[in-house]
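1. Provided below for reference: sequence and predicted model.
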Amino acid sequence: QVYLVQSGGGVVQAGGSLRLSCKASGRPFTTDAMGWFRQALGKAREVVATISWNGGTTEYANSVKGRFTISRDNARNTLYLQMNSLQPEDTAVYYCASRSTGTLSTLAYDYLGQGTQVTVSS
């Protein structure tokens, strides 16, 4: 059975930081593209950041550029999202995702984490 198990998240004041982790199990994910999505209440799910299989290419939503950093440790089969300078508009449920071939998007993924709530208070 393949799992993406998330940890981290919680409640933080505006300007604060959080780190999300996503541990993959069941098979190696070293050749998968991976990324983070988020979905705020009443809004569509959106891509926050993606990272290539070797970490060489990263992409970010304009709304998080310069504040969030995506990274991965293939030896640990773990994906990370460091979130700094958090703002109330970052409040959402965050999901990690993977895709073995092709571009990762909210409509195209192989596996999805269970989701974790991030709440930023003003």
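-> Done, it's in.

2. give the contact list for the most centrally placed residue in the chain.
-> In the chain, the centroid-proximal residue (Cα atoms, centre = their mean) is W36; its distance is 2.4 Å. For W36, the contacting residues are 20, 22, 47-50, 70, 79, 81, 94-97, by Cβ atoms under 8 Å, 6 or more residues apart in numbering. C-beta: built from backbone N, CA, C; applies to glycine.

3. try 7 Å
-> Counting by Cβ atoms under 7 Å, 6 or more residues apart in numbering, W36 makes contact with V48, A49, I70, L81, Y94, Y95, C96.

4. can you give me phi and psi for E89?
-> Phi and psi for E89, reported as degrees, to the nearest 10, are phi -70, psi -10.

5. what about C22, neighbour count?
-> 29 (other Cβ atoms under 10 Å).

6. what bridges to the residue nearest to the centre of the chain?
-> Per DSSP bridges, residues listed as beta-bridge partners of W36: A49, C96.

7. local confidence estimate at it?
-> On the pLDDT scale, W36 is placed at 98.

8. quick one: low-confidence ranges for the protein?
-> The chain contains no residues with pLDDT under 70.

9. V2 contacts L112, correct?
-> No: between V2 and L112 there is no contact under Cβ atoms under 7 Å: 10.7 Å.

10. please report how far T106 lies from G56.
-> As judged by Cβ to Cβ, to the nearest Å, T106 and G56 stand 23 Å apart.
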